[in-house]
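A.B. asks: Have a look; sequence and predicted model below, questions after that.
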Amino acid sequence: MAIIQYSTAFNALDSYVQQHNSRTKDLSSHIRQAMILTTQEIIKIYSLSLLKANSVSAVDFQNLPPLKTNNVQLSKRAKASTRTIQRHLKRLIKANIITKKIWHGSNSGYELFINPDILLIGGVKAVHKPEKKVEPEKSVPTDNQFFKKPKTTTCPHTDTSNNGYINNILIGVDKLQKTLSSLPLTSPNESRNATGNTFTGYTGKIDLKKNNDAGEIERVKRVTDETSAEISDVDQTRSASLSFYIKSLWKLARNTIYKDHYLTQSQEKRALELLYLWYEPVPKEQLQNVHEAYVNRLGIVQKYIAKDPTKRYVQLPDTYFDPKNPSGFTGTKIWYFKQKKREYEIRLKLILQAQIRRFINNEKKETAKQKPRLELFRSCETRIGKLGKPELLNEFHASVLNHSTHKFLQFNT
């Protein structure tokens, strides 16, 4: 069994590269497709080396050893020249995909330390690469729209052409272009409807500050495609990890508890924002364990709905994943701990039954093939005693100590 799951590591690599390229304005510092392929070959070689090392002695996954390689080996695997490999390594080190390189001379090669958040070693199951979602159209306020070829009339906008109502579309066009009224006797800061408008009392004053609201424009720019959350202060490695886990959990939720439901783009976008709130406080070393717990909690919800799908349902994702909603995903925490407690109790019962069968089956064998009864009895007692549950030990004694067993123990003691 491979230590590194290629599909999981490659997905994490793609997410990391996407985050890096989106934050790097200099195109010369972007990670290209050829560099991604070189990184994938490095991961494959590293996986094989870890597998060999683990067969000799257990590898400490919290302190991974480096990959010993050279330009010739990588150039053959990546089907590129050694000079190209050197350029790729420089770019990968700069992007922190390879965290460190130790050179041992031209005849000895070098050691590479790969970013562990990209490898994601720790029992992660392979998942399919999430499909790229079509970027939702960003709505722009009317005051910030731009008309390439505006066509405005030069005649007054009278109330008779629209049954007494003002032509608001033309007013909006005039405001955007900030053109002066074509009517005579109007002041520069009034629209063409400012004079002679007795229907609404519209004065026509244009608030230039409102039309150029820099705060609104800046807010739109801050919205991210991944989680629509402000994570600009988080380092690139953590951003890639968070993005990977958030999208994985949302894809699972979309394909299970929301499989037969239509969701709008705004609802899905809000769900990603809320899932970011679930992962953001988690330390880096606990992300994998917490993610597995969240996956199990979704599985519990799916089983709950499957028992009576006509009457059982969950709230929409923009409400369900709100951490402050006790009736949403937050409420599944109690279910999860109850299930874990039940699984632990079942595990104890199975161990107890296995020890009882072990002793009884030995009693059924022929005397020549039996293990020493007292030795086997003590062995079963020791195994059950390690569980720290005296009631289980009493139940074992009640099950195996019949009249003949009592005699045997009295004789041998």
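C.D. replies: Yes, it's here. Numbering: from 1, shown residues only.

A.B. asks: Report the buried residues of the helix or strand harbouring Lys349.
C.D. replies: For Lys349, the host element (DSSP states H and E) is helix 332-364. Judged by neighbour count using 16 or more other Cβ atoms under 10 Å, the buried positions of helix 332-364 are Thr332, Gln339, Ile351, Leu352, Gln355, Ile356, Phe359, Asn362. C-beta: built from backbone N, CA, C; applies to glycine.

A.B. asks: go on, stretch 43-56?
C.D. replies: Residues of stretch 43-56 classed as buried by neighbour count (16+ other Cβ under 10 Å): Ile43, Lys44, Ile45, Tyr46, Ser47, Ser49, Leu50.

A.B. asks: Retrieve the pLDDT associated with the fifth one.
C.D. replies: Yep, that's Ser47 we're talking about. With respect to pLDDT, Ser47 scores 84.

A.B. asks: and after the helix or strand that contains it, which helix or strand comes next?
C.D. replies: For Ser47, the element it lies in under DSSP H and E is helix 33-56. For helix 33-56, the succeeding helix or strand toward the C-terminus, using DSSP H and E, is strand 67-69.

A.B. asks: For the stretch 1-150 of the chain, which segments are assigned as strands?
C.D. replies: Under the criterion DSSP state E, counting those that start in this stretch, the stretch 1-150 of the chain carries strands at the ranges 67-69, 98-103, 110-114.

A.B. asks: Now do the closest residue to Arg23 other than its chain neighbours against Val400, distance only.
C.D. replies: Spatial nearest neighbour of Arg23, excluding adjacent residues (Cβ to Cβ, 6 or more residues apart in numbering): Gln236 at 6.6 Å. Note on Gln236: its distance to Val400, by Cβ to Cβ, to the nearest Å, is 61 Å.

A.B. asks: contacting residues around Leu287?
C.D. replies: For Leu287, the set of contacting residues under the criterion of Cβ atoms under 8 Å, 6 or more residues apart in numbering consists of Ser241, Leu242, Tyr245, Tyr279.

A.B. asks: The third one: neighbouring residues, count only.
C.D. replies: For Tyr245, the tally of surrounding residues (other Cβ atoms under 10 Å) stands at 25.

A.B. asks: got a list of what it touches?
C.D. replies: By Cβ under 8 Å, 6+ apart, Tyr245 lies in contact with Tyr279, Leu287, His291.

A.B. asks: What does the pLDDT read for it?
C.D. replies: The per-residue pLDDT reported for Tyr245 equals 91.

A.B. asks: Let me know whether my guess that it is in a helix holds.
C.D. replies: Yes - according to DSSP: H, G, I helix; E, B strand; the rest coil, the state of Tyr245 is that of a helix.

A.B. asks: okay, and for the protein, where does confidence drop off?
C.D. replies: By pLDDT under 70, the low-scoring segments of the chain are 1-2, 122-235, 402-413.
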